[in-house]
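Q: Based on what follows, work out the 3D shape:
(one chain, ligands or ions: 1)
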Amino acid sequence: MRERRATFELERVGLLARRMSLLAVFFVVSVGLSAIVHRVLYPERVAAILPIFGVQILISLAAVAMARVERLRARLVATTAVVALLLIWLADLYLVRVGSPLEELAFTVVGLLAGASVALPWTWCAQLVVAAGALLGLAVSAPLLTTTMNPISLGVSVVALAVLTVVATFDVDRYRYQAFAQALVQRGEAEIAAALMRVGETLHAHLRDPRMLEEVNRLATEMLACDWSGTYLWDHEEAVFVLRALWAPFGRADRHALGEVTFAADDLPLLQRLRSERIFEIQDGAHQDLVAPELIRYFGIASALYTPIMQEERMSGVLVHGYGERTGPFSRRQHRLALGIAQAMAVAVENARLFQEVQAASSLKSEFVATMSHELRTPLNIICGYADLLQEGTFSALTEQQLDTVARISRSAGLLLELVNTTLDVGRLEAGHTPIDRTPVRVEGVLEVVAEEVRALAAPELAVTWSAPADLVVVTDRDKLKTIVKNLVANAVKFTPAGRVHAEALWDDELLTVRVEDTGIGIPEDEQVAIFEMFRQVDGSSTRRFAGVGLGLHIARRLTEVLGGQVRIESTVGVGSTFTVSIPCPRAMPEERLRA
Ligand code: ADP
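A: The predicted structure is shown next:
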């Protein structure tokens with residue numbers, strides 16, 4: 001409050017200095033013009049009034065000069081009042097000298113007082129002093145002047161109007177102060193909101209960063225303009241608060257303290273206070289009994305502001321900001337900021353916890369899928385093996401019907417085995433266990449093998465063709481490239497009941513491009529992003545026409561990304577689809593081509 005008043009007074013002095021200079025210049029110009037008019041119209045008066053005009057001009061110029069002197073600024077209101085009073089008295093003298101009627105003098109005095117109350121942002125006290133002085137001047141001059149009015153009623157009117165100017169000055173000053181205070185509050189609020197937004201952004205940007213807390217403490221130090229800031233977080237296992245982050249420029253940061261300084265919930269009486277009050281300040285570290293003196297000495301705490309990090313009704317941490325040497329209370333703005341930071345921190349700590357939980361759940365799921373797939377592989381291999389033996393007649397010759405049944409068992413077990421293997425591949429990919437083995441690869445050979453492997457899946461009405469430069473040998477991971485192409489071609493064959501599937505490869509500017517084109521059922525535009533996710537299919541219903549589990553495209557895209565490339569899709573429902581894979585890789589050297 002006192003601070004606000006002081007800022008207002010400072011602003012008032014600045015404005016007053018500007019206005020006083022402006023009015024003084026205006027006065028000099030008016031007096032100059034008046035002198036010229038007198039010279040032309042009343043040359044007989046010139047000798048009498050010139051000294052008065054001269055003094056008025058000198059006082060005005062002195063006022064302009066004084067407004068610029070920094071040292072006089074503290075007394076600017078009083079100086080302005082003295083200047084105004086002198087000018088009014090000189091105006092009185094002028095009117096007496098030229099023998100003006102009393103009404104003219106009264107009119108001039110009231111006019112000058114009214115003008116001053118509006119134009120000069122001084123106080124009602126200054127206005128009162130000047131008004132009283134002006135009335136005194138009028139009273140002294142009155143006996144020397146003539147009037148056609150009743151002097152008493154003229155006097156009463158002039159006094160009433162002078163009092164009115166004092167009241168008006170009081171009101172204008174009060175409204176000016178209220179507007180100033182409101183603007184100050186609004187500016188403060190806007191600054192607080194902007195600062196807290198920065199905290200929110202920092203928390204969001206550093207959510208997965210171990211330095212998130214320290215970053216917020218750094219910002220808090222800056223925003224609260226204090227010396228240091230620290231974060232204690234609750235450790236469930238040890239049941240203590242642990243110092244997790246500390247920001248202290250000026251060499252105060254004691255990094256060894258991180259993770260080491262701890263206290264149990266009941267150790268600090270301060271925590272009880274925080275639970276009920278949500279913010280608490282220690283104004284003088286040396287004279288308090290809420291925090292252990294060792295802790296105060298260890299960190300050199302002169303004064304500190306504590307806020308709890310609350311998760312619903314549970315205290316999951318404590319934020320503390322403070323000074324190394326300054327004692328005394330914290331401002332309202334510091335309280336607001338500290339509370340806002342604690343709230344933002346509570347949300348971020350909760351988000352980070354949820355994020356960790358989700359990550360843990362996801363890796364648990366991946367582990368489960370990997371183990372299950374692995375365990376399923378052995379019995380499936382056994383089923384496939386025995387089915388083969390049965391088909392070969394190892395135990396005894398089978399009838400036609402039995403052979404057909406065993407063939408079905410073998411086909412289904414084979415499909416299941418492929419699915420299990422694919423799931424395992426995805427698991428490895430998700431876990432990032434996919435080393436890249438770059439060797440020279442003849443691209444046409446890869447296309448031939450793939451076409452051969454998928455031929456059995458193709459409908460009789462479907463033409464499967466491929467093309468690639470015969471001498472195109474690139475250095476890349478053969479198995480990964482083959483899996484990518486095979487998944488795309490297998491899909492094209494699967495989703496094209498009749499028509500054409502064409503796969504082509506070309507190399508340009510260090511980029512291998514494989515394009516798989518089909519005239520199949522196509523993919524709706526709104527599905528073209530989702531189909532690359534795990535287990536996503538355009539038609540996921542149980543009555544779907546096409547087999548598959550929705551992993552092929554996911555694997556193709558992940559493997560392409562592992563090789564540093566990308567997959568693009570263009571498709572129109574009922575017309576067909578084109579998948580284009582681009583993988584950066586060099587062409588093999590001539591001697592390497594021979595090895596491919
Ligand atoms: P799956 O083929 O096992 O279902 P994919 O991940 O390979 O799984 O493909 C996901 C889905 O994308 C498919 O179910 C299908 O709906 C759609 N799709 C993929 N390739 C094509 C294609 N060439 N033509 C039409 N639809 C396709």
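
Q: Quick one: low-confidence residue ranges for the stretch 201-350 of the chain.
A: Filtered on pLDDT under 70, the stretch 201-350 of the chain yields the residue ranges 249-259, 267.

Q: switch to 90 and redo it
A: Within the stretch 201-350 of the chain, the stretches with pLDDT under 90 are 201-216, 234-278, 285-301, 311-316, 324, 332-333, 345, 347-350.

Q: For the ligand, what's the nearest residue on it?
A: Among the residues of the stretch 201-350 of the chain, R208 lies closest to the ligand, at 28.8 Å counting by CB to the nearest ligand atom. C-beta: built from backbone N, CA, C; applies to glycine.

Q: Double-check V216 against E201; I have them as touching.
A: No. Contact between V216 and E201 fails when scored by CB atoms under 8 Å: they sit 10.8 Å apart.

Q: higher neighbour count, the two?
A: The neighbour comparison of V216 against E201 (other CB atoms under 10 Å) goes to V216, with 25 against 12.

Q: and that one, which of the three is it?
A: For V216, the secondary-structure state derived from DSSP: H, G, I helix; E, B strand; the rest coil is helix.

Q: got the contact list for it?
A: 199, 202-203, 231, 245, 341, 344-345, 348 (CB atoms under 8 Å, 6 or more residues apart in numbering).

Q: Can you redo those residues as TSV, where the extra columns are secondary structure and neighbour count?
A: What follows is the contacts of V216, written out as TSV (DSSP: H, G, I helix; E, B strand; the rest coil; neighbours: other CB atoms under 10 Å):
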residue	secondary structure	neighbour count
V199	helix	22
T202	helix	18
L203	helix	23
T231	strand	27
A245	strand	20
I341	helix	27
A344	helix	21
M345	helix	26
A348	helix	21
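
Q: secondary structure class for the residue most central in space within the chain?
A: When CA atoms, centre = their mean is applied to the chain, the residue found nearest the centroid is E201 (3.3 Å). Assigned by three-state DSSP, the conformation of E201 is helix.

Q: gap between it and M212?
A: When CB to CB, to the nearest Å is the yardstick, E201 and M212 sit 12 Å from each other.

Q: for T7, same thing?
A: According to CB to CB, T7 stands 36 Å off from M212.

Q: Between those two, tell me which one has more neighbours.
A: The neighbour comparison of T7 against M212 (other CB under 10 Å) goes to M212, with 22 against 13.

Q: Who are the contact partners of the more buried one?
A: Here M212 is in contact with 202-203, 206, 348, 352 (CB under 8 Å, 6+ apart).

Q: try 7 Å this time
A: With contact taken as CB atoms under 7 Å, 6 or more residues apart in numbering, M212 is in contact with 203, 206, 348.

Q: okay but the last one is in contact with T202, surely?
A: It refers to A348. No. Shown here, A348 and T202 do not form a contact pair, counting by CB atoms under 7 Å, at 9.1 Å.

Q: a strand runs through H554, doesn't it?
A: No. According to three-state DSSP, the state of H554 is helix, so it is not within a strand.

Q: Need the nearest residue in space to it, chain neighbours excluded.
A: Closest residue to H554 apart from its sequence neighbours, by CB to CB, 6 or more residues apart in numbering: M534 at 4.9 Å.

Q: In what element of secondary structure is whichever residue of the stretch 401-550 of the chain sits closest to the ligand found?
A: For the stretch 401-550 of the chain, the residue closest to the ligand is G548, as judged by CB to the nearest ligand atom, at 2.4 Å. For G548, there is no enclosing helix or strand under DSSP states H and E.

Q: Alright, I will stop here.
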